[in-house]
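> I need the structure of the sequence given here:
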Amino acid sequence: MKIIHTADLHLDSAMKTNLSKEKAKMRKNEILHTFERMVDFAKENEVSVILIAGDLFDTKTVTVKTKDIIRRCIEENPGIDFLYLKGNHDTEVTLYDEEAPLNLKLFSENWTGYEYGDVVITGAHLSGKSNLYDSLLLDKSKINIVTLHGQEQKYVGKDKTEAVNLPLLKDKYIDYLALGHIHSYKEDKLDTRGIWVYSGCPDGRGYDECGEKGFYLITVEDGEIAHEFIPFMSRLINEIRVDISDCETTSDVDRLVFEKLSNVSSENLVKVVLCGKVSVECSYDLSYIEDKYKDKFFAFKAEDDEVGIKFNIEDYMYDASLKGEFIRTVMSEDYSDEEKRLVIELGIKALSGEEL
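A predicted model of the protein is given here:
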């Protein structure tokens, strides 16, 4: 038996923060098409279940087009069960006002299990119920897949909505804990028997969702369960870090950025993060970098929040310049050494005409 574990598509997300209206619309369609491609993958690879661990949609407002395409994917594939656990973003979304097709199966605030021979897939909404974990009862002779949507919590604490209390799920005979909510794929041991897995989102939307995206393919055969991550994104979102510690000018910075971007596809979304410690005399124009590369990729962004200034304060204590006078003034104030360094770094940036 094969099962797809996916989550966090956030269909119909606005995505206008870093994209133009036209490109945001294009990305909406691409991510919707990613869901269709995933269903095609399921058909071609004899997948029996697509398990959606929450946040299929981004808000309660879903376009007619998006609902229509999701319903069509479900209705035209009766041989695939779509097990849908709603997340914190899509709890108020209703796909069907009337009777839903038999292959769309939902979870509720109470544990609901669906059996497929020796495999049982069980899930529930995290609603803050104090007895939710105690009420999970599984047959240890079965292959048990459990799904929840929320933030992992590795230490025992008070139950709260959207927190998956991992310690309280130990020794429950769980083989695979299918989680949603975190947008990067990750996994770890749950106990001696099972693991917990975040599938991440199948397709990134913004610069906080960099790197490979996809879903997990679970295979159960001869009483054994295995899983593998399947990269599936339509576009890669790259974060490129560039250390400019040895740079003095905009041209110096540009040369390093150009080298780092030389092998990056023009189809990608790219965020360049400048970092390192530059000299007091270093002067560069970040807007020049953004303007130069913004049309070379699907989307481009540059930031330098991680760039600091390296200098010896003593070198400027007697310097007959505005910078010297500024540093002497700061050093005479009743600040901690760290506060003085921070104020001086910001001040030097301002005196150099940089944005803070």
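> who touches the helix or strand where Trp196 lies?
Following DSSP states H and E, one finds Trp196 within strand 195-198. For strand 195-198, contacts defined as Cβ atoms under 8 Å, 6 or more residues apart in numbering pick out 5, 7, 152, 164, 166, 169, 175-182, 184-190, 216, 227. Backbone N, C-alpha and C define where each C-beta goes, glycine included.
> Toward the C-terminus, what is the element adjacent to it?
Taking DSSP H and E, what comes next after strand 195-198 is strand 214-221.
> Tell me which stretches of the stretch 151-300 of the chain form strands.
151-153, 163-165, 176-180, 186-189, 195-198, 214-221, 224-231, 237-243, 269-279, 299-310 (DSSP state E, counting those that start in this stretch).
> for the longest one, packing partners?
Strand 299-310 is packed against strand 269-279, helix 286-293, helix 337-351, with contacts defined by 3 or more Cβ pairs under 8 Å, 6 or more residues apart in numbering; DSSP states H and E.
> what helices or strands is the worst-scoring helix or strand of the chain on mean pLDDT leaning on?
Least confident helix or strand of the chain, by mean pLDDT, DSSP states H and E, is helix 337-351 with a mean of 77. Judged by 3+ Cβ pairs under 8 Å, 6+ apart, helix 337-351 is in contact with strand 299-310, helix 322-331.
> could the strands of the stretch 151-300 of the chain go into JSON lines alongside distance to Leu261 and mean neighbour count?
As requested, these are exported to JSON lines (distance: least, Cβ to Cβ, whole Å; neighbours: other Cβ atoms under 10 Å):
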{"stretch": "strand 151-153", "distance to Leu261": "34", "mean neighbour count": "16"}
{"stretch": "strand 163-165", "distance to Leu261": "38", "mean neighbour count": "20"}
{"stretch": "strand 176-180", "distance to Leu261": "33", "mean neighbour count": "28"}
{"stretch": "strand 186-189", "distance to Leu261": "28", "mean neighbour count": "13"}
{"stretch": "strand 195-198", "distance to Leu261": "30", "mean neighbour count": "21"}
{"stretch": "strand 214-221", "distance to Leu261": "24", "mean neighbour count": "20"}
{"stretch": "strand 224-231", "distance to Leu261": "21", "mean neighbour count": "14"}
{"stretch": "strand 237-243", "distance to Leu261": "7", "mean neighbour count": "17"}
{"stretch": "strand 269-279", "distance to Leu261": "7", "mean neighbour count": "20"}
{"stretch": "strand 299-310", "distance to Leu261": "9", "mean neighbour count": "17"}
